[in-house]
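**Q** everything below, folded, please.
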Amino acid sequence: MAAYLNRTISLVTGQTGPNDDDDRNSSSTDTVDKSLNRLNSSLQPSGSTTTANLMSETRLYQSNDKSPLQIFVRAKKKINDIYGEIEEYVHETTTFINGKITLLEIVVSPFNFGFPYAALHSEAEIVDKAERELFESYVYKVAAIREVLQRDHMKVAFFGRTSNGKSSVINAMLREKILPSGIGHTTNCFCQVEGSNGGEAYLMKEGSDEKLNVVNIKQLANALCQEKLCESSLVRIFWPRERCSLLRDDVVFVDSPGVDVSANLDDWIDNHCLNADVFVLVLNAESTMTRAEKQFFHTVSQKLSKPNIFILNNRWDASANEPECQESVKSQHTERCIDFLTKELKVSNEKEAAERVFFVSARETLQARIEEAKGNPPHMGAIAEGFQMRYFEFQDFERKFEECISQSAVKTKFQQHSSRGRSVSGDMRSMLDNIYERITIFRNLKQDQKNLLTERIQGTETQMMQVTREMKMKIHNMVEEVEEKVSKALNEEIWRLGVLIDEFNMPFHPERLVLNIYKKELNAHVESGLGSNLRARLSMALAMNVESAQTEMTDRMHALVPNEQLLATSTKMVIRTQPFEMLYSLNCQNLCADFQEDLEFKFSWGITAMIARFTGKVRERSKKNQPALVNRQSSIGHSVVTPASTPVETTPVCLMPGNGVAGITPEQLSLISRFAITSIGSQGTVGGLVVAGIMLKTIGWRVLVGVGALYGCIYLYERLSWTNSAKERTFKGQYVRHATKKLKMIVDLTSANCSHQVQQELSSTFARLCRTVDTATTDMNEELKTLEGQLTVLEANQKQLKLLRNKANYIQNELDIFEHNYISPQ
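**A** Prediction:
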């Protein structure tokens, strides 16, 4: 009874131990007297009015902002504010490292030029990849901690046998009938009650985001019983924070099935208990503690280091029926509970254990608080005598529970976060110190680099002008030499065109469709053959000359840029994967597209053919002999005219003897011949008959028949000899004459094209080399222009690094203050 009075006095006076405020301690004596008077009045049967006043004052206490739970709320807000500053600091530092510091690597590394500290530039970066990744990892690490902090809350888990009243205890603490309760096994899975920011009450089953409405206890029970849930599954119930002060202060309640319904206790602990700050063992005061209850908490103590355990002997209202045994039963239960906490679990000493064992009636307390919410006196919810003592006992439990869970949650939830924040800021400050030293080294090197760049730029520009003049002259001479060689070789190949065409062996047929294919293949053969012959005669020598010229250019230009990195880049640009090859574009398909063959049979001794042959030979002979005749006539006054030099008359020549035939004079015969030729040339049938009649009458039929038979035999021989082979020979002869004429027209164009290819190859090579040198020169000029600016940037970076280091010190101080105010006093 004395322990109970002490707890009650502590409850009413609001004393929380040695850490309470001084003003509260100074008035403790008066408050104790008032509490005792209040308690004596409440024990009288007729003291209903006094009891109502006491309950009213208790309600005021419950809404007091100085509740121990506010320590956790304030600590959570403070650590969240500190981590907000840490997150901002980490983002600022990481952005600075990945932005400006990375620029310094680019600036100091492109050109070394044999600088004695080149190894430092190439091997030691200001911030290497591993450091950047480490800085970036802090961003994700701090973000993860902040996310955990947002979810951190005070968690209390209730365990006990089936029907011991675990759900009723939670409902009484929440001052509302939220969880299902009643006779028998009503809770068949874990139920977690937590506050929701909105005014809506709903529940969510494990593995589902669907919100199920919860209006009253019946609907909640039906929602849980629609399907058979596993004992270890979790149903989360979200209840409006404004309807319960405990939920508003971030307390989460976890209700459990009876420890006697399942032997799989390890899964329960692993899934729902590892982050619990307080455990409440709800016993049935009408019986003693069972082995199942003890075994569960033995398992908890093995997995958690000294868990905070409260023991509620529920249904103590039943003791009113046996008042003579009340004190002895209470002493027995208390002794066993203390022994269980101190000797078996070894989680507390006897004094602490005595203050964590309570005798309550959860159902009675819930009814009293429901009546109180209606505006009625709390004692209207009493079930049996001694309601006031049991009601005060429950309030005392709540007070001790709030103190314990607040202290435990602050220490377990925030001490580790504080240590991790201190580690993050300390590590980043150490890394920033190292970066500051490296920046100082690079700053000292940049001035020497500037002088070297100035000398290099001046020497490169002077040598570049001289090399350019020499290479232009070399390219010009080489182009003229190529043009001359190609023209000479192509003329020689045209002169041998007949031999190339004779090598073409495709079957010949005069049919138009086949003949078109034959001409196409012949054009391809001529183009391929001429190209192959030209490449065999010219390509090797030309390729060697071009390669030699390119090598000379490359060597001369690379001498201007001694930097190894730029040298490797320029070499990669200049070297060809294949040697230079000349392309001879003859395009015989288009060139000989207008070739029209004449494969019609022509009798070689026909009148038209003889006249054409004779006139052609005369013309050719006249052209050849005309200059000789002029010279001969000028040197010799008279000369014997040879048959070859006799002028060709335009009139037909009489082929008959001079004495005539059958009395016909030579004049008549000449007239007949002229008329016959005219008639035959006009291809008129009547004319032919007339000529035949005149000749028959003139020379006689025997001579005419003999000459005609001989003439016919010759015609027949030639006609029978006009085979595909003869046609092919005629076709090829015609093609040779046509192609020779056409190819001679493009000799100059082809040679100019080849020389242009050489010029383009050498010019493009030289242009690429010039671009390489120009790029290097441009980079050096840009580097020279930015060196002074970079020195300014380095100074600014050093100032920023100092500022970041100071911020790290500030965060360290904030964490020290937080630990002093919230963790160390606990």
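
**Q** okay, now the unreliable bits of the stretch 51-200 of the chain?
**A** Where the stretch 51-200 of the chain drops to pLDDT under 70, the residues are 51-66, 100-125, 182-187.

**Q** and the strands in it, which stretches?
**A** Applying DSSP state E, counting those that start in this stretch to the stretch 51-200 of the chain gives strands spanning 154-160, 190-196.

**Q** now do the contacts for R422.
**A** 812, 815 (Cβ atoms under 8 Å, 6 or more residues apart in numbering). Every C-beta, even on glycine, is put in place using the N, C-alpha and C of the backbone.

**Q** of the strands of the stretch 51-200 of the chain, which stretch is the most buried?
**A** Using mean count of other Cβ atoms under 10 Å, the stretch among the strands of the stretch 51-200 of the chain with the largest mean neighbour count is strand 154-160, at a mean of 26.

**Q** ok, back up a step: need the strands of the stretch 51-200 of the chain in TSV (columns: distance to A276).
**A** Converted to TSV, the strands of the stretch 51-200 of the chain look like this (distance: least, Cβ to Cβ, whole Å):
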stretch	distance to A276
strand 154-160	4
strand 190-196	11
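
**Q** D594 is nearest to which of the ones you listed?
**A** Distance to D594, taken as Cβ to Cβ, is lowest for strand 190-196 among these, at 94.0 Å.

**Q** that closest one - contacts with which helices or strands?
**A** Secondary-structure packing of strand 190-196 (3 or more Cβ pairs under 8 Å, 6 or more residues apart in numbering; DSSP states H and E): helix 166-174, strand 234-240, helix 245-248, strand 251-255, helix 265-272.

**Q** what's the shortest one in contact with?
**A** The set of residues external to helix 245-248 that reach it, using Cβ under 8 Å, 6+ apart, is 62-63, 67, 69, 173-174, 193-195, 239-242, 253.

**Q** just the buried ones from those residues?
**A** Buried subset of these (neighbour count, 16 or more other Cβ atoms under 10 Å): 67, 69, 173-174, 193-195, 239, 241, 253.

**Q** list just the nearest of these to Q760.
**A** Comparing the buried ones among the contacts of helix 245-248 against Q760 with Cβ to Cβ places E194 closest, at 79.4 Å.

**Q** which ones are touching that closest one?
**A** 153, 236-239, 247, 252-253.

**Q** most surrounded residue in these?
**A** Taking other Cβ atoms under 10 Å as the neighbour criterion, F253 ranks highest of the contacts of E194 with 28 neighbours.

**Q** which residues does it bridge with?
**A** V156, V193 (DSSP bridges).

**Q** how about it, what does it touch?
**A** Taking Cβ under 8 Å, 6+ apart as the test, what F253 contacts is 156, 158, 170, 173-174, 192-194, 246.

**Q** which of the contacts of E194 sits closest to E92?
**A** Lowest distance from E92 to these (Cβ to Cβ) belongs to H153, with 30.1 Å.

**Q** excluding its backbone neighbours, what's nearest that closest one?
**A** Nearest residue to H153, sequence neighbours excluded (Cβ to Cβ, 6 or more residues apart in numbering): D250, at 4.1 Å.

**Q** hmm, that neighbour is touching K76, no?
**A** Yes - under the criterion of Cβ atoms under 8 Å, D250 makes contact with K76 at 6.9 Å.

**Q** what touches both of those two?
**A** Both D250 and K76 are contacted by D152, under the criterion Cβ under 8 Å, 6+ apart.

**Q** neighbour count: these two, which is higher?
**A** Between D250 and K76, counted using other Cβ under 10 Å, K76 has the larger neighbour count: 22 against 19.

**Q** what distance do you get for the more buried one to V156?
**A** Distance, K76 to V156, by Cβ to Cβ, to the nearest Å: 16 Å.

**Q** please apply the same query to V758.
**A** From V758 across to V156, the span is 92 Å (Cβ to Cβ).

**Q** ok, now K520?
**A** According to Cβ to Cβ, K520 and V156 sit 97 Å apart.

**Q** show me where the stretch 701-826 of the chain has helices.
**A** Using DSSP state H, counting those that start in this stretch, the helices of the stretch 701-826 of the chain run over residues 701-721, 724-745, 747-818.

**Q** K303 is nearest to which of those?
**A** Comparing the helices of the stretch 701-826 of the chain against K303 with Cβ to Cβ, the closest turns out to be helix 747-818 (28.8 Å).

**Q** so which elements touch the closest one?
**A** Using 3+ Cβ pairs under 8 Å, 6+ apart as the contact test, the elements touching helix 747-818 are helix 69-96, helix 102-108, helix 415-495, helix 540-558, helix 564-574.

**Q** so what touches the fourth one?
**A** In other words, helix 540-558. With Cβ under 8 Å, 6+ apart as the test, helix 540-558 has contacts from 467, 470-471, 474-475, 478, 482, 485, 567, 570-571, 574, 579-582, 758, 761-762, 765-766, 769-770, 772-773.

**Q** how about it: buried residues?
**A** 542-543, 545-546, 549-550, 553-554, 556-558.

**Q** ok, of those, which one's closest to E327?
**A** H558 (106.6 Å).

**Q** ok, that closest one to N264 distance?
**A** Separation of H558 from N264 (Cβ to Cβ) stands at 78 Å.

**Q** noted, bye for now.
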